[in-house]
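> sharing a sequence plus its predicted fold:
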Amino acid sequence: MKEKERKYEDIDPAIRNLGDPSAVNLHHDHLFEENTEQEREKRRGELKKEQEKNEKEGKKERSPRKKKIFTVLMTIIIIVGISGSAYTAYRHFKNQPEQTDIPGLDIRNKHLYTYKGFEFRQNKDGTWSTEVYNPVTETLFAISLHYGPKDIYDIPIDHSVRDWLTYAINFESENSEKDAVGATFIMFEPDAEGGFHAVAYHELARNLERGLRLSPHPAVTEETNVTFGNMTLPVKSCDTTDEPIIILLQKEPAKVEYNGKNCIIVQGLEEELVKAENRLLYQFYSVME
């Protein structure tokens, strides 16, 4: 049987090209390029995945350290910020006069101020010094009390207590010392606790004696075995004697009262008693009204 004649065009291109070396080379080059590009894409994908994996693992390793560094830095920034703000506030308020509504008070700094012409300076022990007028000797002299006027301005006081001073100076008493012009009893509660009672007593007695030339004598509000030196302390009462008396009471609220004749009651709890006693002395010295 005669084989059918085939034309070149009828040959399968894949087979037909095998006869042409250049075509074969081109064909294989094309396949190689395709395979190479696929390998590259695959490799790039693998590299990308590996890089992402490494970055992820690196973040996990560095995360605690970064957080720690961040925390330390933020702490430093906050501390510096607070310190700077505090220092700025300190400089601001240091240079600003203290605000107060007390008439006649002019504050220079926390250790020095004037009140109605009297200069008050704080000592190293915390007390306040000024010069006052002695109504008996009519001279100026220095005193030191635990509190200044700005600390005790609000303590209520009977403003006629200076009449008691006139009464005490003019009262004839056999208890008056040689250089004194009068005498008074300072009464206290024998069962009073704490050191504030003693502070108030001694500060009041010292100023009455040295500043106002009144002989102070201790007395108690009720019978007791308490002695002063070799002397048993007397019991006094404003209702049974016309002698000048100042009574110190550990009691709230802090205030100074006057019965209009011979008795002054100074009361306050703990340090408030000392404040009330200072308030009375400033009234005697005409520093406060």
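Great, that's in hand. Quick caveat: nothing in here was measured; it's all calculated off a predicted structure. Numbers count the residues shown, from 1 in each chain.
> quick one: Tyr147 from Lys236, how far?
In this view, Tyr147 and Lys236 are 27 Å apart by Cβ to Cβ, to the nearest Å. All C-beta atoms are positioned from the backbone trio N, CA, C, and that covers glycine.
> scratch that, Phe118
Relative to Lys236, Phe118 is positioned 33 Å away (Cβ to Cβ).
> same question, Val181
According to Cβ to Cβ, Val181 and Lys236 sit 21 Å apart.
> when those two are compared, which one has more neighbours?
Lys236 (20 against 16; other Cβ atoms under 10 Å).
> let me know the pLDDT of Glu50.
At Glu50, the predicted lDDT confidence score is 72.
> same question for Phe32.
Note on Phe32: pLDDT of 41.
> check contacts around Glu131.
Phe118, Glu119, Leu140, Phe141, Ala142, Ile143 (Cβ atoms under 8 Å, 6 or more residues apart in numbering).
> go with 10 Å
Phe118, Glu119, Phe120, Leu140, Phe141, Ala142, Ile143, Tyr285, Val287 (Cβ atoms under 10 Å, 6 or more residues apart in numbering).
> which of these count as buried?
For these, a neighbour count by 16 or more other Cβ atoms under 10 Å gives the buried set as Phe118, Phe120, Ile143, Tyr285, Val287.
> what's the most distant pair in these?
Phe120 and Tyr285 (12.4 Å; Cβ to Cβ).
> what do these two both touch?
Thr130, Glu131, Leu145.
> gap between the last one and Ala254?
Leu145 sits 15 Å away from Ala254, taking Cβ to Cβ as the criterion.
> please apply the same query to the first one.
Taking Cβ to Cβ as the measure, Thr130 falls 21 Å from Ala254.
> more neighbours, those two?
Remark: of Thr130 and Ala254, Ala254 carries more neighbours, 23 against 19, as counted by other Cβ under 10 Å.
> that one and Gly268 touch, don't they?
Yes: between Ala254 and Gly268 there is a contact at 3.5 Å, judged by Cβ atoms under 10 Å.
> overlap in contacts of these two?
Common contacts of Ala254 and Gly268 (Cβ under 10 Å, 6+ apart): Ile155, Val274, Lys275, Ala276, Glu277, Arg279.
> residues in contact with the last one?
With contacts defined as Cβ under 10 Å, 6+ apart, Arg279 is in contact with 145, 147, 149, 151-157, 161, 254-256, 266, 268, 288.
> 6 Å - rerun?
Counting by Cβ atoms under 6 Å, 6 or more residues apart in numbering, Arg279 makes contact with Ile152, Ile155, Ile157, Val256.
> need phi/psi at the third one.
The phi and psi values for Ile157, taken as degrees, to the nearest 10, are phi -150, psi 140.
> same thing with the last one?
The phi and psi torsions at Val256 (degrees, to the nearest 10) take the values phi -130, psi 120.
> quick check: it vs Gln51, distance?
In terms of Cβ to Cβ, Val256 sits 87 Å off from Gln51.
> looking at these two, which one has more neighbours?
Val256 (21 against 10).
> need the contact list for that one.
Listed by Cβ under 6 Å, 6+ apart, the contact set of Val256 reads Ile157, Val266, Ala276, Arg279, Leu280.
> just the closest of those to Lys124, please.
Closest approach between the contacts of Val256 and Lys124, by Cβ to Cβ: Arg279, at 23.7 Å.
> which helix or strand contains that closest one?
Following DSSP states H and E, one finds Arg279 within helix 271-284.
> what mean pLDDT does that helix get?
Here the average pLDDT along helix 271-284 is 96.
> Lys150 belongs to a strand, doesn't it?
No: secondary structure of Lys150 (DSSP: H, G, I helix; E, B strand; the rest coil): helix, not part of a strand.
> now do the same for it: its pLDDT.
Looking at Lys150, its pLDDT reads 95.
> who touches Val199 in this structure?
Here Val199 is in contact with Val274 (Cβ under 6 Å, 6+ apart).
> am I right that it is in a helix?
Yes: checked against three-state DSSP, Val199 lies within a helix.
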